[in-house]
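> predicted model follows, preceded by the sequence.
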Amino acid sequence: MEKNKLYVGNLPYSVTDDSLAEMFSGIGEVTEAKVISDKFSGRSKGFGFVTMADDAMAEKAIAEMNGKEIDGRKIVVNVSRPKEPRPNRY
């Protein structure tokens, strides 16, 4: 499991990949920032992922950013966990 890949939730819908990277770049080097969007509408789903250069920066980012208010919403930041397999509906 990558400890330097972070899940960022409860994002305002206005946040883009670039602005997400910018939010975390004050803490340390961001190697990737991706806001997840709906594949049909293209609208943000309100969460994304940020990969920091190393684990220490990731821990610092969690400490500084978790619960921080961005455009009136308290964001959630924690270590990204692998996606749970969805039960098959068919």
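That came through, no problem.

> can you pull out the helices in the protein?
Remark: helices assigned in the chain by DSSP state H are 17-25, 55-65.

> my guess is residue 44 contacts residue 10, does it?
No. Under the criterion of C-beta atoms under 8 Å, residue 44 makes no contact with residue 10, lying 11.5 Å away. Where C-beta positions appear, they are placed from N, C-alpha and C, glycine not excepted.

> who has more neighbours out of these two?
Using other C-beta atoms under 10 Å as the criterion, residue 44 and residue 10 rank with residue 44 on top: 18 against 13.

> let me see the contact set for the more buried one.
Residue 44 makes contact with 11, 13, 14, 15, 35, 36, 37, 38, according to C-beta atoms under 8 Å, 6 or more residues apart in numbering.

> tell me the spacing between the last one and residue 87.
Using C-beta to C-beta, to the nearest Å, residue 38 is found at 21 Å from residue 87.
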